[in-house]
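Participant: this one's structure only:
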C-alpha cells in the first residue's frame with residue numbers, strides 16, 4: 001500500500017468505494033482492460049464512512065484533495081526588525097538609501113538593501129539561501145525574492161553605466177562630508193571559471209593555484225576613518241600602475257586626492273613596488289615573514305621593542321621602531337622599515353604554539369607506549385623529532401628552533417616610502433586593517449576564491465551590491481569602535497529586536513531593548529522610543545496594498561487600527577455633532593456687557609499726564625471770566641447804532 005497520510009485529518013470515503021473488513025483498506029474496483037476487475041487501494045478506513053487517504057487518492061481526486069487539504073500557510077510568529085531599523089537609519093544618515101533609489105529605482109534599491117543585510121548578517125554569497133534566511137526578517141522589499149530573481153537583477157538591471165553613476169553620486173556625498181584625501185587599498189579575487197568571455201577575466205596568479213581566470217579590484221578608503229569611498233574592477237593578473245590610473249582619475253574629478261597606496265603581503269614583490277614608485281605614489285607595504293627587510297629588522301631590533309614602553313605606539317600594547325634598509329635582498333632599493341610587536345597577539349600565539357608542540361609530543365609518546373608506529377604530527381617537524389635509543393623510540397624537542405619560533409610570534413614589518421613616526425605608520429596601516437576586514441567580507445560575499453556568477457555583467461552587478469554592504473558594515477564598525485562595542489556581538493543583538501504576532505493577526509513591538517541596543521541604534525538617529533511606529537508601518541504594509549516603496553523613519557506618533565472589510569463608517573459633520581450643554585448662570589470669570597464697554601472705553605481714552613493740561617484755566621480764572629460775562633449782559637432796548645427792521 002502507498003504512503004497513508006495518517007498525519008492529516010480524516011475525510012469521507014468517495015462514492016463507489018469499498019472497505020476490506022479484514023485489513024481496513026479502502027479500494028475502488030476497475031477494469032484492467034482484459035475484462036477482469038482490479039482493486040485500487042486509495043486509503044485506510046477509520047469507520048464505515050471515513051478514512052485516511054494515500055498517494056493514489058491524491059492522484060485520482062485532486063479537486064477533493066485540494067478542498068480537504070488546502071495548503072496551510074501560517075504567518076511567522078515573530079518578525080525580526082532590528083537589522084531593518086539599523087539599515088534604514090544608516091541609509092538616511094549617509095544618504096545611501098536616497099542614492100540607491102535615484103540610480104536603480106525603488107524596486108531594485110530595496111532589493112539591494114535586503115541583500116546587503118543578508119550579506120552583513122551571514123557573510124554568505126549563496127543566493128539560494130537568501131529566501132529561507134530572510135523569511136522572518138522585516139525587509140525593504142515586499143517579499144524575499146528567489147535566487148533566480150537576484151541573478152536577473154545582477155545581470156540585467158544593474159548595468160555598469162548605472163553602477164558608475166552610483167559611484168559618482170557616492171563620491172560626491174563623501175566629498176560633501178569632508179573627504180579630501182584617501183588611501184588606496186588594493187586586493188584581488190578569483191572569478192568563476194565558467195566566465196570565459198569579456199575583457200576583465202584574465203589568467204593570473206589565482207589564489208586557488210589553479211589555471212583559471214581572475215579579476216582584480218581596487219578599493220579607496222577615507223584617510224581619516226577608513227570608510228569605503230569608491231571601488232574599481234580591473235583586468236585580472238598583476239595589479240600595476242595602469243590599474244591605479246583609472247580610479248585616481250575619477251577621484252581627482254571629485255576633488256579628492258590620493259595620498260598613497262596601502263598593500264598587504266600578497267603584493268610584496270619587487271615588480272609591484274617598482275611600478276608604484278615609477279607612478280610617483282607613496283606606499284605602505286606589509287612585508288612577508290621571509291622578506292629580507294623583515295628578517296633583518298627582526299634580527300637587529302626585536303629585543304628593542306618587546307614590551308619596551310619607550311617604544312610603545314598604541315594603548316593596545318603595540319610597540320614599534322623605525323630604521324632604513326633594503327626591502328629585498330637581491331635589490332639595492334631602500335625604504336623606511338618599521339618593525340612592530342603586538343604584545344597581546346604575540347603572547348596568545350606563543351602560548352598556542354607551546355600547547356600544540358607539547359600535545360604533539362604527548363601524542364607521539366602514547367603511540368610509542370601502545371606499540372604503534374609513531375610519527376611527528378604535521379607541521380611540527382621543526383620542533384619535534386624521534387630518536388632511536390636502544391630498541392625503542394624517544395621523543396625529543398628541538399629547543400633552539402622552538403624557542404626561535406616562540407620569540408618571533410607577534411612581530412611584523414612594514415616598508416614605507418615616507419619617513420614618518422612608527423605610531424603614524426601603524427595608524428595608516430590600520431586603515432588597511434579596517435579595509436582588509438571589508439575585503440574579507442567582500443570576498444565572502446563573492447565566494448572567496450570563486451565569485452559564483454557566470455557572466456561579466458553579473459559579476460559587476462554583484463560587486464556593486466557588495467560595495468553597498470561594505471558601506472553599511474563600515475558604518476556599523478565605526479559606531480561599535482566609538483561606543484566600545486564588539487561588532488559581531490552587536491549584529492546578533494540587533495537582530496534580536498523583534499515583533500510578536502497577536503491574536504488579531506497584527507504584530508506588536510516588544511519593548512525590551514538593552515542599553516547597548518538603544519545606544520547603538522540612537523547613534524544613527526533611529527528613534528528607539530518609537531518602536532510602536534515601526535510596528536504600525538510594518539502592519540500597514542502587510543495589510544494595506546497601497547504603500548510607498550520609499551521607506552521613511554518615524555516622525556509622529558500614530559495608532560494602528562486593523563482595517564475591516566467594507567466602506568468605513570461615515571463621519572458626522574461638525575455642525576451636527578452634539579454640543580456641550582451650557583450650565584445655568586454666567587460662566588465663571590466672564591464679565592457683563594457694561595463692564596466690557598467700560599473697559600473698552602478706558603482703553604481708548606489716552607492716559608492723562610501729570611499737571612494741568614496745556615491751555616486749561618484754574619478755578620479763579622474761570623470764576624472771574626464768568627463774572628465779566630455776567631456783567632456784560634445785554635441791557636433793555638435796542639443797542640446803540642442798530643437799525644430796526646425795514647418796512648414792507
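Facilitator: Thanks, I have the structure now. These numbers were taken from a predicted model, which means no experiment stands behind them. Residues are numbered from 1 along each chain as shown.

Participant: So what's the residue count around the closest residue in space to residue 329 that isn't next to it in sequence?
Facilitator: In this structure, residue 329 finds its nearest non-sequential neighbour in residue 292, 3.5 Å apart by Cβ to Cβ, 6 or more residues apart in numbering. Any C-beta I mention is one placed from the backbone N, CA and C, and that applies to glycine too. Using other Cβ atoms under 10 Å, residue 292 has 15 other residues around it.

Participant: what do you get for the one 3 residues further on?
Facilitator: Look at residue 295: counted by other Cβ under 10 Å, it has 16 neighbours.

Participant: my read is residue 344 is in a helix, agree?
Facilitator: Yes: with DSSP: H, G, I helix; E, B strand; the rest coil as the criterion, residue 344 is assigned to a helix.

Participant: wait, it sits on residue 319?
Facilitator: No: look at residue 344 against residue 319 with Cβ atoms under 8 Å: they stay out of range, at 11.3 Å.

Participant: Compare the two (neighbour count), which wins?
Facilitator: Per other Cβ under 10 Å, whichever of residue 344 and residue 319 has more neighbours is residue 319, with 25 against 11.

Participant: Please, where are all the helices along the stretch 351-500 of the chain?
Facilitator: Here the stretch 351-500 of the chain has its helices, by DSSP state H, counting those that start in this stretch, at 399-408, 422-446, 456-483, 487-495.

Participant: out of these, nearest to residue 157?
Facilitator: When the helices of the stretch 351-500 of the chain are compared by Cβ to Cβ, helix 456-483 sits nearest residue 157, at 7.7 Å.

Participant: roughly how far out does the closest one sit from the chain middle?
Facilitator: 8 Å (Cα atoms, centre = their mean, to the nearest Å).

Participant: buried stuff in that helix?
Facilitator: By 16 or more other Cβ atoms under 10 Å, the buried positions in helix 456-483 come out as 456-480.

Participant: Quick check: which ranges of the stretch 351-500 of the chain have low pLDDT?
Facilitator: 432-454 (pLDDT under 70).

Participant: Please give me every residue in contact with residue 312.
Facilitator: For residue 312, the contact set (Cβ atoms under 8 Å, 6 or more residues apart in numbering) comprises 318, 319.

Participant: Is it bridged to anything, and to what?
Facilitator: residue 319 (DSSP bridges).

Participant: How much space separates it from residue 424?
Facilitator: According to Cβ to Cβ, to the nearest Å, residue 312 and residue 424 sit 14 Å apart.

Participant: just residue 250 next, same as before
Facilitator: 27 Å.

Participant: neighbour-wise, which of these two wins?
Facilitator: In this view residue 250 and residue 424 are compared by other Cβ under 10 Å, and residue 250 has more residues nearby, 17 against 14.

Participant: Residue 476 reaches residue 489, doesn't it?
Facilitator: No: here residue 476 does not reach residue 489: they are 11.6 Å apart, not a contact under Cβ under 8 Å.

Participant: what about the strands in the stretch 501-648 of the chain?
Facilitator: 507-509 (DSSP state E, counting those that start in this stretch).

Participant: same thing with the stretch 1-150 of the chain?
Facilitator: In the stretch 1-150 of the chain, the strands defined using DSSP E, counting those that start in this stretch lie at 11-12, 18-19, 25-31, 37-45, 50-53, 78-80.

Participant: ranking those by burial, who's on top?
Facilitator: Ranked by mean neighbour count, those are led by strand 50-53 with a mean of 21 (mean count of other Cβ atoms under 10 Å).

Participant: Check which helices and strands that strand is in contact with.
Facilitator: strand 11-12, strand 37-45 (3 or more Cβ pairs under 8 Å, 6 or more residues apart in numbering; DSSP states H and E).

Participant: who's in contact with the first one?
Facilitator: In this case it means strand 11-12. By Cβ under 8 Å, 6+ apart, strand 11-12 touches 49, 50, 51, 52, 53, 64, 68.

Participant: next one: that strand to chain centre, how far?
Facilitator: Centre-to-centre, strand 11-12 and its host chain are 52 Å apart (Cα atoms, centre = their mean).

Participant: neighbouring strands for that strand, and are they parallel or not?
Facilitator: strand 50-53 (antiparallel).

Participant: Give me the distance from the partner strand to the chain's centre.
Facilitator: Distance, centroid of strand 50-53 to centroid of chain: 52 Å (Cα atoms, centre = their mean).

Participant: Where do the helices of the stretch 51-200 of the chain begin and end?
Facilitator: Per DSSP H, counting those that start in this stretch, the stretch 51-200 of the chain carries helices over the ranges 55-60, 62-68, 82-93, 96-122, 130-133, 147-156, 160-176.

Participant: Now tabulate those in a markdown table and tack on mean neighbour count and distance to residue 430.
Facilitator: Listed next are those as a markdown table, based on neighbours: other Cβ atoms under 10 Å; distance: least, Cβ to Cβ, whole Å:
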| stretch | mean neighbour count | distance to residue 430 |
| --- | --- | --- |
| helix 55-60 | 17 | 63 |
| helix 62-68 | 12 | 62 |
| helix 82-93 | 22 | 22 |
| helix 96-122 | 21 | 22 |
| helix 130-133 | 15 | 32 |
| helix 147-156 | 17 | 33 |
| helix 160-176 | 17 | 19 |
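
Participant: Output those helices as JSON lines; include the columns mean pLDDT and distance to residue 408.
Facilitator: Shown next, in JSON lines, are those (pLDDT from 0 to 100; distance: least, Cβ to Cβ, whole Å):
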{"stretch": "helix 55-60", "mean pLDDT": "91", "distance to residue 408": "67"}
{"stretch": "helix 62-68", "mean pLDDT": "89", "distance to residue 408": "71"}
{"stretch": "helix 82-93", "mean pLDDT": "95", "distance to residue 408": "41"}
{"stretch": "helix 96-122", "mean pLDDT": "94", "distance to residue 408": "36"}
{"stretch": "helix 130-133", "mean pLDDT": "88", "distance to residue 408": "42"}
{"stretch": "helix 147-156", "mean pLDDT": "90", "distance to residue 408": "45"}
{"stretch": "helix 160-176", "mean pLDDT": "93", "distance to residue 408": "40"}
